[in-house]
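Asks: Build me a model:
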Amino acid sequence: MNRRKTVDAALAHRLSRRGMLGVTAGAGAAALLGLGAGTAAAAPLAAAKKPVPTRPVLPPGRLGIQLYSLRDKVQEIGFAAVFKELSEFGYDEIEYAGYTQGIGPISVKQIARLAKSYGLGGIGSHVNYYSDDPGAYSFATSLGKVLDDAEALGLEHIGTASGPGRYGNTVDAWKRAAADFNAYGEAAKARGMKFYQHNHGDEFAFAADDPNVRLYDVLLAETDPRYVFLEMDIYWAYTAQFRFSVTPEGRPRPFEPIDYVVQQPHRYPLFHVKDGIHDPQAADGYDMVDVGDGDIDYKTFIQKVNATRKGRTTHHWQVEHDQPVDSVEFARKSANHLHALTEPGRG
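Replies: Model prediction:
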């Protein structure tokens, strides 16, 4: 349940009531001043008009946060205190990026119990794709352990924020990486989970051996939709739009991040919501800011995703900021902004 919905509805009712009182007072003044009958008669009709029903743009129960954004607070005050804050801000879900954040020994089952006690569900986790260390914690070196931990946390999704450039940035290299992802995805599905990859900007670059092929398109084409899903980081997709809308040979190749989702909505169960101010002088074209302070139109983006088949019930929205000035304040502001987005409709 979206814990902010009741508050917004009450506020809307109070504002509506104030508006109605103002109109009624205006009608009385018109009568005293002897204004035309048509003007005075119209006022009571306006006063009786019911407010247009609205609903949250953000589907209820679908707001999460990537804990990487709060890593400093987890280290400072612990998981329980952070989870308490997130619950009070109206979050429903959390996405992990490591399971200790430097606080010392704690089991994944303990973390899962703490999250559940504050009404937070684990929706996903970022784990390294590969490592040169054969004993490292990554999909390539410790697949069984990675899936064991994800099961213990009760996760629906388990994925990586690593780029698919393990073998290079040629078309064939990304086909090899896609084959790895298919294997991890099949293993995850056997455990009742979905494997996913989270993009940064470079995924949308062009292949080193073919300047007309966008690497992200190779990833989509070569991964099996039964086993491999995508978490679009919307901010990084917009930086890629700034950087990679022209091929290395100078040919226009513009793209819209939302088009990837609309064309294959079933492949995007998760999104990262981070914001930025457009800055053509910046290397990425944007300067990262708190959600709601930037130029990315999240109301329209979420509405377009909601309009896809089962769009309001099959996607999850995780806010994130890589380096927030105040991570708790960032979490609060982001939740408030997204909960405040409304549109005409019921429920």
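
Asks: quick one, helices of the chain?
Replies: Per DSSP state H, the chain carries helices over the ranges 5-32, 37-48, 71-89, 108-117, 139-153, 171-190, 215-222, 234-243, 257-263, 298-306, 327-340.

Asks: Format these as CSV; extra columns: distance to residue 316 and mean pLDDT.
Replies: C-betas here are computed from N, CA, C, even on glycine. Below are the helices of the chain laid out as CSV (distance: least, Cβ to Cβ, whole Å; pLDDT from 0 to 100):
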stretch, distance to residue 316, mean pLDDT
helix 5-32, 17, 37
helix 37-48, 41, 53
helix 71-89, 15, 96
helix 108-117, 15, 95
helix 139-153, 15, 97
helix 171-190, 16, 98
helix 215-222, 20, 98
helix 234-243, 13, 98
helix 257-263, 13, 98
helix 298-306, 11, 98
helix 327-340, 12, 98
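
Asks: For residue 228, which of those helices is the nearest?
Replies: Residue 228 sits nearest to helix 171-190 of all the helices of the chain, at 4.4 Å, using Cβ to Cβ.

Asks: Buried ones in that closest one, by neighbour count?
Replies: 171, 173-175, 177-178, 180-185, 187-188 (16 or more other Cβ atoms under 10 Å).

Asks: quick one: which of these is nearest to residue 73?
Replies: For the buried residues of helix 171-190, the nearest to residue 73 is residue 188 (29.7 Å; Cβ to Cβ).

Asks: tell me the contacts of that closest one?
Replies: Contact criterion Cβ atoms under 8 Å, 6 or more residues apart in numbering gives 147, 150, 158, 194-195, 227 as the residues in contact with residue 188.

Asks: Can you tell me which of those is nearest residue 262?
Replies: Closest to residue 262, out of all of these and judged by Cβ to Cβ, is residue 194, at 19.9 Å.

Asks: what pLDDT does that closest one get?
Replies: pLDDT for residue 194: 98.

Asks: Give me the neighbour count for it.
Replies: Using other Cβ atoms under 10 Å, residue 194 has 20 neighbouring residues.

Asks: Quick check: it touching residue 266?
Replies: No: between residue 194 and residue 266 there is no contact under Cβ atoms under 8 Å: 10.7 Å.

Asks: do you know how far the closest residue to residue 257 other than its chain neighbours is from residue 271?
Replies: Excluding its sequence neighbours, the residue lying closest to residue 257 (Cβ to Cβ, 6 or more residues apart in numbering) is residue 237, at 3.7 Å. Applying Cβ to Cβ, to the nearest Å, the value for residue 237 to residue 271 is 10 Å.

Asks: Identify the residue spatially nearest to residue 252, adjacent ones excluded.
Replies: residue 246 (5.9 Å).

Asks: Same check on residue 193?
Replies: residue 158 (5.2 Å).

Asks: who touches the one you found in this structure?
Replies: Here residue 158 is in contact with 124-125, 127, 146-147, 150, 188, 193-196 (Cβ under 8 Å, 6+ apart).

Asks: 6 Å instead?
Replies: 125, 150, 188, 193 (Cβ atoms under 6 Å, 6 or more residues apart in numbering).

Asks: what's the burial count for the first one?
Replies: This means residue 125. Other residues close to residue 125 by other Cβ under 10 Å number 26.

Asks: so it makes contact with residue 96?
Replies: Yes: at 4.0 Å, residue 125 counts as touching residue 96 under the criterion of Cβ atoms under 6 Å.

Asks: Same list (the contacts of residue 158) but as JSON lines, adding distance to residue 167.
Replies: Output for those, formatted as JSON lines (distance: Cβ to Cβ, whole Å):
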{"residue": "125", "distance to residue 167": "24"}
{"residue": "150", "distance to residue 167": "25"}
{"residue": "188", "distance to residue 167": "21"}
{"residue": "193", "distance to residue 167": "25"}
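
Asks: of all those, which two lie farthest apart?
Replies: 125 and 188, at 11.3 Å, using Cβ to Cβ across the contacts of residue 158.

Asks: any idea what sits nearest residue 191, other than its immediate chain neighbours?
Replies: The nearest residue in space to residue 191 (Cβ to Cβ, 6+ apart) is residue 147, at 5.3 Å.

Asks: my read: that neighbour touches residue 190, true?
Replies: No: between residue 147 and residue 190 there is no contact under Cβ under 6 Å: 8.7 Å.

Asks: okay, and the common contacts of those two?
Replies: What both residue 147 and residue 190 touch, as defined by Cβ under 6 Å, 6+ apart, is an empty set.

Asks: Can you tell me which of the buried residues of helix 171-190 lies closest to residue 308?
Replies: Using Cβ to Cβ, these come closest to residue 308 at residue 185, 21.6 Å.

Asks: which residues does the closest one contact?
Replies: Residue 185 neighbours (Cβ under 6 Å, 6+ apart): 195, 227-228.
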